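Undergrad: how would this look folded up:
(chains A and B)
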Amino acid sequence: MGNPFIKNIKIFTVYILIWVFISIIHNIVIVFLLDVKLEQAFTESIVYNTLYFLLGISLWYTVSYNTLENYTPVKIFINHSAAAVITSAIWVLSGYYILINIFNDDASYKTYLFNSGIWRFMIGILFYSITVAVDYVIIYYNNFRQKLFRESELNALVKEAELKSLKYQINPHFIFNSLNSISSLTLSNPDKAREMTIKLSSFLRSTLSKNEKQKSKLVEEISNAKLYLDIEKVRFSDKFEFVEELESECKDMEIPSMILQPLFENAIKHGVYESLFKVVIKLKCGPEKEYLKIIVENNYDPESVPRKGEGIGIKNIQQRMKLIYNQDNLVTVEKNNGLFKVNIFIPR
Amino acid sequence: MGQRIKALIIDDEKLARDIVKTYLGKYSSIEIIGECTNGFDAVKMISEQEPDLIFLDIQMPKLTGFEMLEIIDNPPVIIFTTAFDQYAIKAFEVNATDYLLKPFSEDRFADAINKAVKQIENKSGLDKKLDGLLKHIENREEFLERVVIKSGQKISIIPVNEIKYIEARDDYVMIYSDKGNFLKQKTMKYFEENIDPAEFIRIHRSYIVNIMYVKQIQLLEKETYNALLHDSTKLPVSKSGYQDLKKFFDK
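TA: You can find the predicted model right below:
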């Protein structure tokens, strides 16, 4: 995040107004309570307050470094205490040298400046504390807003994926063709027809009663996706094969819901529907470093002409993974030599 | 009736072909001469075996049912069998005899067969009144995504975004694409109506151009323009074509 005192015109204006106000108070106090000459009081307030005005802006950088994400509270406290002392000392001394150069021949003013140094130092510490406190409020407010924004975006994407999947599963192509297969099986193989009816029903039931969960267990996601593949298998028994390599330690790991299924739909739609030869859809899950790595791959006919709508499902998954884990490149796609491969890395 | 009707079943799903086969088993006057699982095989089979009747699915690998029909010379009587209901109007535009929505009953199938048999017996063709009526129905919910061309035995499929421009040639058009040039028996009007106007503009009586391939518009002399393509082809631009191009680029 950039410095809001520079980037945000509204904050900047308020900041200027605050310092104008402080300068006026400064003038009033030293003229009426300390009997400083008007001309000197005016110069003094401009010098000291302009200096802190600039220092205050740069304090933002110390604050944005010293966040709870980077350091422990104790470390932050020590850092700020040191910074407060140094900043105040710099402020008091540089103001002092500028002013004694301007009012070189006024001995009483010089004494006054020298004697008031310790008080100025205390005020410097006060300014430091207030500025830093305001900076932290700005940072946490911004983070909070960003988090809200990310969450709402994530929800929208999950909804979109669910809707798409729902739309696909209850579209005529899938459902009526499945029903047609059942109709055909009632003549040739009634047992299988019954089995298919049950599979289709449980699949539709699970689709229509999707819960709001963001994450679910890997095995649950796989079993739901397999139900779908089983139905397509009845339709295209000779046209595809599903292979699964699942390392047992991964079974109970949590993954974002609805990320596997769109990948299988993709493989069926662009691989199986468009191909003249047998397509092998492979699912591999295993640990890799600090990730759970999921690979979905399928061979496809490289000569088939791509249709519209390719890659939308995968883009949605990419966006969701990025929003959930706040990390890029968790989803990669490889496409060569007639092999389409999607790698997903789930941080553990 | 002397000869048996030769029927061909075209569908990529085995169970879908099975049910048609089972239903057809009751008609002794109809003989199944084969089954095809994709459009390519079907084109070959139709030209070799010349069936009288085909059962045709729409969504298939390689060529869709419609694309397949575009490139066969003497189409037989067609009964569509599909799960999509949105292609019914288009199906009648290609003179289909019937349109069976999957799954279909045996009675409904019998109706279709009756219609088909009648049509094969007296070769009357589809009711012309219906044909005329359908021409007035706007059915353009989808633009062309690809164009299929048959030259000799070779079938080429060109995605429309690879077409550079289309040139009028009497009853044909010449399609210039990255993959080469192809002659197709369609009119300019057909392409103008079926191709996405956000991607293609008719710049001249004889030319439709893909905007993506236009590099610049050159002024030759007063009110005479040329479109220069990225491969340095120059195409003439008519006055109204220039207006359309300008409208597009101003957007």
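
Undergrad: Flag the shaky bits of the stretch 101-250 of chain B, pLDDT-wise.
TA: Across the stretch 101-250 of chain B, the ranges flagged by pLDDT under 70 are B:123-141.

Undergrad: mind listing the strands for it?
TA: With DSSP state E, counting those that start in this stretch as the criterion, the stretch 101-250 of chain B has strands at B:146-151, B:154-159, B:163-169, B:172-177, B:180-184, B:200-204, B:207-210, B:214-221, B:224-229, B:234-237.

Undergrad: export those to CSV and tack on mean neighbour count?
TA: C-beta here means a position set from N, CA and C on the backbone, and glycine is covered the same way. Formatted as CSV, these follow (neighbours: other Cβ atoms under 10 Å in any protein chain shown):
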stretch, mean neighbour count
strand B:146-151, 19
strand B:154-159, 16
strand B:163-169, 20
strand B:172-177, 20
strand B:180-184, 15
strand B:200-204, 23
strand B:207-210, 22
strand B:214-221, 12
strand B:224-229, 18
strand B:234-237, 18
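
Undergrad: Just put these in TSV and tack on distance to A:Ser206.
TA: As requested, the strands of the stretch 101-250 of chain B are exported to TSV (distance: least, Cβ to Cβ, whole Å):
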stretch	distance to A:Ser206
strand B:146-151	35
strand B:154-159	36
strand B:163-169	43
strand B:172-177	45
strand B:180-184	47
strand B:200-204	44
strand B:207-210	45
strand B:214-221	50
strand B:224-229	52
strand B:234-237	55
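
Undergrad: For A:Thr62, find the nearest of these.
TA: strand B:214-221 (53.8 Å; Cβ to Cβ).

Undergrad: Kindly export the closest one (C-alpha atoms) in CSV.
TA: Backbone C-alpha positions of strand B:214-221 (Å, rounded to 0.1, in the frame of the first residue of the first chain) are rendered in CSV as follows:
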residue,chain,number,x,y,z
VAL,B,214,-7.2,-5.3,-41.0
LYS,B,215,-4.0,-3.3,-40.5
GLN,B,216,-5.1,0.1,-41.8
ILE,B,217,-7.5,1.9,-44.1
GLN,B,218,-5.9,3.8,-46.9
LEU,B,219,-7.2,6.8,-48.7
LEU,B,220,-6.5,6.3,-52.4
GLU,B,221,-8.2,9.4,-53.7
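
Undergrad: Turn the strands of the stretch 101-250 of chain B into CSV, columns for distance to chain A.
TA: Converted to CSV, those look like this (distance: least, Cβ to the nearest Cβ, whole Å):
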stretch, distance to chain A
strand B:146-151, 6
strand B:154-159, 5
strand B:163-169, 13
strand B:172-177, 12
strand B:180-184, 14
strand B:200-204, 16
strand B:207-210, 16
strand B:214-221, 22
strand B:224-229, 23
strand B:234-237, 26
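
Undergrad: nearest to A:Val47, of those?
TA: Of all these, strand B:214-221 sits nearest to A:Val47, with 61.3 Å by Cβ to Cβ.

Undergrad: OK, contacts around A:Met253?
TA: By Cβ atoms under 8 Å, 6 or more residues apart in numbering or on different chains, A:Met253 lies in contact with A:217-218, A:292, A:346, A:348.

Undergrad: repeat that with 7 Å
TA: Residues near A:Met253 by Cβ atoms under 7 Å, 6 or more residues apart in numbering or on different chains: A:218, A:292.

Undergrad: what do you get for A:Ile344?
TA: Contacts of A:Ile344 (Cβ under 7 Å, 6+ apart): A:259, A:294, A:330-331.

Undergrad: so where does B:Gln86 fall, helix or strand?
TA: Secondary structure assignment for B:Gln86, by DSSP states H and E: no helix or strand.

Undergrad: neighbours of it, just the number please.
TA: Neighbourhood size, B:Gln86 [other Cβ atoms under 10 Å in any protein chain shown]: 12.

Undergrad: before we move on, what about B:Met188?
TA: Residues within reach of B:Met188, counting by other Cβ under 10 Å, total 18.

Undergrad: same deal with the one 10 residues further on?
TA: Other residues lying near B:Ala198 total 10 when counted by other Cβ under 10 Å.

Undergrad: what comes into contact with stretch B:38-57?
TA: With Cβ under 7 Å, 6+ apart as the contact definition, stretch B:38-57 has outside contacts at A:276, B:5-12, B:16, B:20, B:33-34, B:36, B:60-65, B:67-68, B:71-72, B:76-82, B:116, B:120, B:155.

Undergrad: Which parts of it count as buried, going by neighbours?
TA: For stretch B:38-57, a neighbour-count test (16 or more other Cβ atoms under 10 Å in any protein chain shown) marks B:38-43, B:45-46, B:51-57 as buried.

Undergrad: In strands, which of these fall?
TA: Among the buried residues of stretch B:38-57, DSSP state E puts B:53-56 in strands.

Undergrad: Nearest to chain A among those residues?
TA: Nearest to chain A out of those is B:Phe55 (Cβ to the nearest Cβ; 12.7 Å).

Undergrad: Identify the bridge partners of the closest one.
TA: Under DSSP bridges, the beta-bridge partners of B:Phe55 are B:Ile9, B:Ile79.

Undergrad: element containing A:Lys10, please.
TA: Going by DSSP H and E, A:Lys10 is part of helix A:9-32.

Undergrad: After that helix, heading C-terminal, what element do we hit next?
TA: Remark: after helix A:9-32, the chain's next helix or strand is helix A:38-65, criterion DSSP H and E.

Undergrad: Tell me who's in contact with residue 84.
TA: I'll assume chain A. A:125, A:128-129.

Undergrad: meant chain B, my bad for not saying
TA: B:Phe84 neighbours (Cβ under 7 Å, 6+ apart): A:172-173, B:58.

Undergrad: Tell me the spacing between the closest residue to A:Met258 other than its chain neighbours and chain B.
TA: Computed as Cβ to Cβ, 6 or more residues apart in numbering or on different chains, the closest residue to A:Met258 that is not its neighbour in sequence is A:Ala161, at 5.0 Å. To chain B, A:Ala161 is 23 Å away according to Cβ to the nearest Cβ, to the nearest Å.

Undergrad: And A:Ala161, how far from A:Gly313?
TA: Applying Cβ to Cβ, to the nearest Å, the value for A:Ala161 to A:Gly313 is 8 Å.

Undergrad: Identify the contacts common to those two.
TA: Taking Cβ under 7 Å, 6+ apart as the criterion, A:Ala161 and A:Gly313 both touch A:Pro262.

Undergrad: Now do the helices in chain B.
TA: Using DSSP state H, the helices of chain B run over residues B:14-24, B:39-49, B:65-70, B:88-93, B:106-122, B:128-134, B:188-194, B:239-250.

Undergrad: chain center to the third one: distance?
TA: In terms of Cα atoms, centre = their mean, to the nearest Å, the gap separating the centre of helix B:65-70 from the centre of its chain is 5 Å.

Undergrad: And the contacts of it?
TA: Helix B:65-70 is contacted by residues B:39, B:42-43, B:56-58, B:75, B:80, B:90, B:94, B:148 when judged by Cβ under 7 Å, 6+ apart.

Undergrad: One more pass at 6 Å, please.
TA: Contacts with helix B:65-70, where a contact means Cβ atoms under 6 Å, 6 or more residues apart in numbering or on different chains, come from B:39, B:42-43, B:56-58, B:75, B:94, B:148.
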